[in-house]
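[1] fold the following.
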Amino acid sequence: MFFAKTLILAFAVSALALPTGDKPQKRAGVLTAASYADFQVSDGVAGSALDEVKAKFPIDFNDLANVDPADVAIIKAARLTAEAAETDAGGFNDAIDAAGSDSTAGEALQVGKIKNKVLKLELEVLGLQIDQAQGGKNNTAKIATETTKLNKNIQLDKDAAGETSQSVDFTGDDSA
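    Okay, here's the model as predicted:
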């Protein structure tokens, strides 16, 4: 008899701990702020940039409304850093110019730049989708525009599958 009462009490306490369904539960953060060198995907070979980005940023794409705010901040900061790695001093554009776009080094950097664009654009689209899911802001047109750019760069990465890809030694982090 004591066992039955204890079991019933345990079930009752468990039921109280369950979410009520009134408000979706925010997911705990899964990302950690990191330097560009730690989250970039430009080293290696071309062909799977999008998969590499998703591995570095393992967000639940089926539940964007509940992405942790700290993860959202990391995604947005990483996107800015990836863009800076492309265009700022010491980034891909400077490195390709210095190496010469027709050189072996320049070609590998160009492949790396495309992979970096996949990183930047995937994070841009993801950030817009999260903002829309969480805040109700209508980002549909911007998401469509950025997705078109993303798909173009994903295809360029796939077209270069197996080619050597080189990153840049860029100092940046996603904790901006």
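
[2] quick one, strands of this structure?
    With strands called from DSSP state E, the chain shows them at 44-45, 164-165.

[3] in the chain, what helix or strand scores lowest on average pLDDT?
    helix 2-17 (a mean of 40; mean pLDDT, DSSP states H and E).

[4] can you list the strands of the chain in TSV and add mean pLDDT?
    Listed next are the strands of the chain as TSV, based on pLDDT from 0 to 100:
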stretch	mean pLDDT
strand 44-45	98
strand 164-165	98
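
[5] ok, which of these comes nearest Glu124?
    strand 164-165 (20.5 Å; CB to CB). (Each C-beta comes from the backbone N, C-alpha and C, glycine too.)

[6] tell me the contacts of the residue nearest to Lys54 when sequence neighbours are not counted?
    Distance criterion CB to CB, 6 or more residues apart in numbering; nearest residue to Lys54, sequence neighbours excluded, is Glu122 at 7.6 Å. Under the criterion of CB atoms under 8 Å, 6 or more residues apart in numbering, the neighbours of Glu122 are Leu50, Val53, Lys54, Phe57, Leu150.

[7] Ala37 too?
    Here Ala37 is in contact with Ser167, Asp169, Phe170 (CB under 8 Å, 6+ apart).

[8] okay but Glu120 is in contact with Ala82, surely?
    Small correction: residue 120 is Lys, not Glu. Yes - using CB atoms under 8 Å, Lys120 is in contact with Ala82, at 3.9 Å.

[9] higher neighbour count, the two?
    Using other CB atoms under 10 Å as the criterion, Lys120 and Ala82 rank with Ala82 on top: 28 against 25.

[10] tell me how far stretch 157-164 is from the chain's mean position?
    Remark: stretch 157-164 is offset 20 Å from the chain centroid, using CA atoms, centre = their mean, to the nearest Å.

[11] same check, this time on stretch 91-98
    23 Å.

[12] return it as CSV; C-alpha atoms alone will do.
    Provided in CSV are the C-alpha atoms of stretch 91-98 (Å, rounded to 0.1, in the frame of the first residue of the first chain):
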residue,chain,number,x,y,z
GLY,A,91,40.0,39.1,-45.3
PHE,A,92,39.4,37.0,-48.4
ASN,A,93,39.3,39.9,-50.9
ASP,A,94,42.7,41.2,-49.7
ALA,A,95,44.2,37.7,-49.6
ILE,A,96,43.0,36.8,-53.1
ASP,A,97,44.3,40.1,-54.5
ALA,A,98,47.7,39.5,-52.8
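
[13] state which helix of this protein is the longest.
    Ordering each helix of the chain by length in residues (DSSP state H) puts helix 104-135 first.

[14] averaged pLDDT, that one. What do you get?
    Computed over helix 104-135, the mean pLDDT rounds to 97.

[15] fine by me, thanks again.
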